[in-house]
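**Student:** sequence and predicted structure, then a few things I'm wondering about:
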Amino acid sequence: MGSLFEASPTFSIESERLQISYFFPDSTEHCLFLMKLWNTEEFMKTCGRTSITTAEKASNFLRHRVHADYARNNYGMFLVSLKPHAHASLAESTPIGTVSLMRGEPPNAYLVPDIGYAFLPEETGKGYATEAALALLAYAKRELGVDSVFGFCGKDDTHSARVLEKIGLEFRGQRKLKVFGGKECAVWALPKMSQDLTVYGLDD
Ligand SMILES: CC(C)(COP(=O)(O)OP(=O)(O)OC[C@H]1O[C@@H](n2cnc3c(N)ncnc32)[C@H](O)[C@@H]1OP(=O)(O)O)[C@@H](O)C(=O)NCCC(=O)NCCS
């Protein structure tokens with residue numbers, strides 16, 4: 001079934017300091033930014049080495065993977081930009097990170113999305129991941145009816161875990177997740193979600 005969803009270049013979710021918007025494969029700025037972000041040492045340490053090493057590869061990824069997510073779910077990986085002042089337009093703001101709600105590609109998908117984030121090393125420790133994730137969760141609940149959300153992170157990744165805690169998720173133990181190739185991950189969930197996470201399709 002085709003989707004009628006079309007990402008708007010002027011759409012943004014506003015928070016106090018940030019703007020959250022769609023990525024576009026034809027934007028050189030977006031492609032170069034994604035390439036830079038995913039090739040920082042900090043990113044590779046927690047998320048692994050990426051195959052996105054050129055602007056062209058970033059563009060293909062945005063076109064075929066990220067926009068497929070937008071079309072399938074109405075959410076996916078968003079660009080986070082820092083506003084120079086409270087009433088700045090998207091064009092005036094500077095890309096500093098990503099925030100995402102992802103559900104994977106069927107059949108490798110759970111029934112509810114997980115929240116994720118990544119920021120340039122020089123912009124971390126300023127509360128931006130927390131601010132962006134809270135704004136995206138509120139938008140997804142209000143506009144898309146998404147009220148069950150997971151958070152996954154490496155079992156020793158204390159910074160990510162701290163963000164998940166600060167945005168109100170609860171630690172639900174460690175599990176080997178098929179979506180991460182059977183790697184042991186820390187699993188977090190919104191407090192009102194069932195204690196039996198298999199009802200959301202999570203691995204036994
Ligand atoms: C994890 C990450 C997104 C955190 O972003 P951030 O904007 O720094 O997050 P916040 O500032 O909202 O909160 C991070 C928490 O970790 C702490 N923290 C962040 N960076 C830190 C550092 N270098 N040293 C010590 N503590 C740090 C902060 O103090 C804060 O906790 P606090 O409020 O108790 O002080 C960022 O470090 C990053 O992009 N890392 C690489 C990609 C990644 O790991 N993504 C997650 C994969 S699941």
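**Tutor:** Arrived safely. Numbering: from 1, shown residues only.

**Student:** low pLDDT regions in the protein?
**Tutor:** In the predicted model, the chain carries pLDDT under 70 at residues 1-4.

**Student:** the same query, at a cut-off of 50, please.
**Tutor:** 1-2 (pLDDT under 50).

**Student:** ok, the helix ranked longest in it near the ligand or not?
**Tutor:** Counting residues, the longest helix found in the chain (DSSP state H) is helix 128-144. Yes - shown here: helix 128-144 in contact with the ligand (C-beta under 6 Å from any ligand atom) through 128-130. Just so you know, the C-beta spots here come from the backbone N, C-alpha and C atoms, and that holds for glycine as well.

**Student:** and the contacts of the helix or strand following that helix?
**Tutor:** Next helix or strand after helix 128-144 toward the C-terminus (DSSP states H and E): strand 150-154. Strand 150-154 has contacts (C-beta atoms under 8 Å, 6 or more residues apart in numbering) with 46, 110, 112-116, 160-161, 164, 167, 169, 177, 180, 185-189, 200, 202.

**Student:** repeat that with 6 Å
**Tutor:** 114-115, 160-161, 164, 169, 185-186, 188-189 (C-beta atoms under 6 Å, 6 or more residues apart in numbering).

**Student:** show me which pair in the residues you listed is furthest apart.
**Tutor:** Longest distance between any two of the contacts of strand 150-154 is 14.8 Å, between Ser160 and Ala189; criterion C-beta to C-beta.

**Student:** still on that earlier bit, tilt between the longest helix of the chain and strand 150-154?
**Tutor:** 150 degrees (axes from the mean of the first three to the mean of the last three C-alpha atoms, to 10 degrees).
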